[in-house]
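*Asks:* Build me a structure from this.
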Amino acid sequence: MENRDLTKQILDIVQELHGQNFDMDTDLRDQGLDSLDIVELVMKIEKEFNIAITDDEVISAKSIKDISELVDSKLN
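*Replies:* Predicted coordinates:
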């Protein structure tokens, strides 16, 4: 899967869960997501892509771009 397509899928998941537009590079917390929102997002991504994301990885992945790169690394 191309990274661009993967990023679009993740952006779609974020927008589906939270119904707003998100910037790809800005910290999700700065865009209004709290820790529970991020846990919900990670659970949805894990289910969608059939991967496991550790707590440390969640903490280090701050933006949609970071999450996309993390998912890409898990898939490849």
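*Asks:* Strands along this protein, start to end?
*Replies:* Using DSSP state E, no strands are found in the chain.
*Asks:* pLDDT weak spots in the protein?
*Replies:* Along the chain, the parts satisfying pLDDT under 70 run over 1-2.
*Asks:* Could you pull out the helices in it for me?
*Replies:* 3-18, 35-49, 55-60, 64-75 (DSSP state H).
*Asks:* Run the chain-centre distance for the last one.
*Replies:* When you say that, I think you mean helix 64-75. Computed by Cα atoms, centre = their mean, to the nearest Å, the chain-centroid distance of helix 64-75 equals 8 Å.
*Asks:* so what's the residue nearest in space to the middle of the chain up against?
*Replies:* Nearest residue to the geometric centre of the chain (Cα atoms, centre = their mean): Ile67, 4.2 Å. By Cβ atoms under 8 Å, 6 or more residues apart in numbering, the contact set of Ile67 is 10, 41, 45, 61. To be clear about C-beta, it is placed using only N, CA and C from the backbone, and glycine gets the same treatment.
*Asks:* Am I right that the third one is in contact with Val58?
*Replies:* When you say that, I think you mean Ile45. No: assessed by Cβ atoms under 8 Å, Ile45 is found out of contact with Val58, at 10.0 Å.
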